[in-house]
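S.K.: Quick one, fold the following:
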Amino acid sequence: MKKSSGNSKAIWIDPDLDFIFLLSKYGEDFYKKCFQCGTCSATCALSPDYKPFPSKEMAWATWGMKDQLLKDPDVWLCYQCNDCSVRCPRGARPGDILAAVRKESIIKYAVPRFLGRWVHQPKFLPLLLGIPAALLGLALTFKEPLGNALGFSAYNSNEIVYSYSSVFPHWLLNGFFLFFSFLVVLALIGGVARFWKAMKTSAVNIDGQPPAKGIFPSIGTAIKEVITHDKFSKCEQSRSRLTSHLLVFFGFIGLSVVTLWIITSGINPIIQGKFVYPFNFWSPWKLLANLGGLALLAGLVLMIRNRLIDKDHAGASGYFDWTFIWVIMAVVLTGFITEVLHYIRLEPHRHVIYFVHLVFVSSFLLYLPYSKFAHIIYRTTALVYAEHTGRKRETETAGEKMRSDSNAAGKQIISESIDEPQSEGAMQP
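M.R.: Model (predicted):
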């Protein structure tokens, strides 16, 4: 047990040794190296003056305080620019430790939790790819009886040449992905609810303090910060990571907009006249989709380059990181190959590669709450919590007060030094 004086609370410490050794795989035996010098917090451009990170998180990690770390919102306010890791005099890699904690948090709050564990273990990869392939195969096998039962026509418009709908009906694919998207949203809501409940008992909270901002204004501020990558741009040592993240982020936005436009074509009041899909090459929507795919591809290439060449700043890369990158890469590449095969009318290859593309898209969607992509959900949640509880305001106020007190103390020392009478032996001007 750790006990401190004053108004501080006593904290029972029950070290989780397995957790310490798990984190040490990312931080090179950090628990032997970190001696709490505070360099990491002092050099971090994002760390507040009030209960700064990542020094306190490094202390908790060294003590094996797993529960304290997994409910800490500050862990998600770190963008792993690894300024702290590069400047750590002992090579304890604080940035990598916080990244490992975020990974464990995703598993901790996953709904259902076993999927969180499966996604993080290589031995389950064949099974995880086999599940969406089997589900898609079943849906396509029973498309005719399903279509007849639901009243969907198998008629294909003569306006569409070499349509995919003869093999992959739009109603079937839209229904398939909408159903599983609904399940994914439920899983995300469950995970976020668990995380939010845990953050309420975090050590960074101030007892008795009322909310500083409403939930909806906090959500608006957090979303703005995510879209602009405002905090990410403050990281000094890894500017290239900002570029790659922006390319991937806005590439996803572009592809998501096109997908949403297609799915809602039947009820979208903005669409005037006949809606013909697939789009022709010069369609604005096809151009947006291709630009989004190219941006995504460029961002992924930069991420791979950074992880292979600039390992100090990119941080430790494991199965969790690489699987995420390669699954998205597979989605993009199979998408472009499908488009090329469609234009050259290569049968049946275009249908085969389209099926492979759909398998990777399904894998990405189904395991989104458990993969590294989930970090955008949990980070946004932590940002909302920080705004709502006044964590940011308190840190800024505390920082200003500390600087003000420091300046006042400095001025007092200088004043006393000037007013102090000189000794008898001092030389007079």
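S.K.: can you list the weak-confidence ranges in this structure?
M.R.: Low-confidence segments of the chain, defined by pLDDT under 70: 1-11, 27, 153-165, 206-210, 235-240, 265-280, 311-315, 392-429.
S.K.: Give me the most central residue, it.
M.R.: In the chain, the centroid-proximal residue (Cα atoms, centre = their mean) is residue 375; its distance is 2.4 Å.
S.K.: helices and strands around the strand or helix carrying it, which ones?
M.R.: Assigned by DSSP states H and E, residue 375 falls within helix 375-389. Counting by 3 or more Cβ pairs under 8 Å, 6 or more residues apart in numbering; DSSP states H and E, the packing neighbours recorded for helix 375-389 are helix 94-108, helix 170-199, helix 215-228. Quick note: C-beta positions are derived from backbone N, CA and C, even for glycine.
S.K.: Outside of the last one itself, list whatever touches it.
M.R.: So the one you mean is helix 215-228. Helix 215-228 is contacted from outside by 213, 230, 231, 376, 379, 380, 383, 384, 385, 387, 388, using Cβ atoms under 8 Å, 6 or more residues apart in numbering.
S.K.: can you pull the contacts of the last one?
M.R.: With contacts taken as Cβ under 8 Å, 6+ apart, residue 388 has the following neighbours: 211, 212, 213, 214, 215, 218.
S.K.: Skip the chain neighbours and tell me the closest residue to it.
M.R.: Excluding the flanking residues, the one nearest residue 388 by Cβ to Cβ, 6 or more residues apart in numbering is residue 218, at 4.2 Å.
S.K.: Next: residue 336.
M.R.: residue 293 is the one closest to residue 336 (Cβ to Cβ, 6+ apart), at 6.3 Å.
S.K.: Next: residue 292.
M.R.: Using Cβ to Cβ, 6+ apart, the closest residue to residue 292 is residue 254 (2.8 Å).
S.K.: And for residue 110?
M.R.: residue 116 (2.9 Å).
S.K.: element containing the one you found?
M.R.: Using DSSP H and E, residue 116 falls in helix 113-119.
S.K.: So the residue nearest to the centre of the chain sits against residue 105, correct?
M.R.: No. The criterion here is Cβ atoms under 8 Å, and residue 375 misses it with residue 105 at 9.1 Å.
S.K.: which residues do these two both contact?
M.R.: Taking Cβ under 8 Å, 6+ apart as the criterion, residue 375 and residue 105 both touch residue 76.
S.K.: Burial check on residue 131, number of neighbours?
M.R.: 17 (other Cβ atoms under 10 Å).
S.K.: likewise residue 85?
M.R.: Other residues near residue 85 number 25, with proximity taken as other Cβ under 10 Å.
S.K.: Any idea how far the helix or strand encompassing it is from the middle of the chain?
M.R.: Using DSSP H and E, residue 85 sits in helix 83-87. In terms of Cα atoms, centre = their mean, to the nearest Å, the gap separating the centre of helix 83-87 from the centre of its chain is 21 Å.
S.K.: Please tell me how far residue 287 sits from residue 261.
M.R.: Distance, residue 287 to residue 261, using Cβ to Cβ, to the nearest Å: 13 Å.
S.K.: between those two, which one's more packed in?
M.R.: residue 261 (18 against 14).
S.K.: That one contacts residue 285, correct?
M.R.: Yes. Using Cβ under 8 Å, residue 261 is in contact with residue 285, at 6.2 Å.
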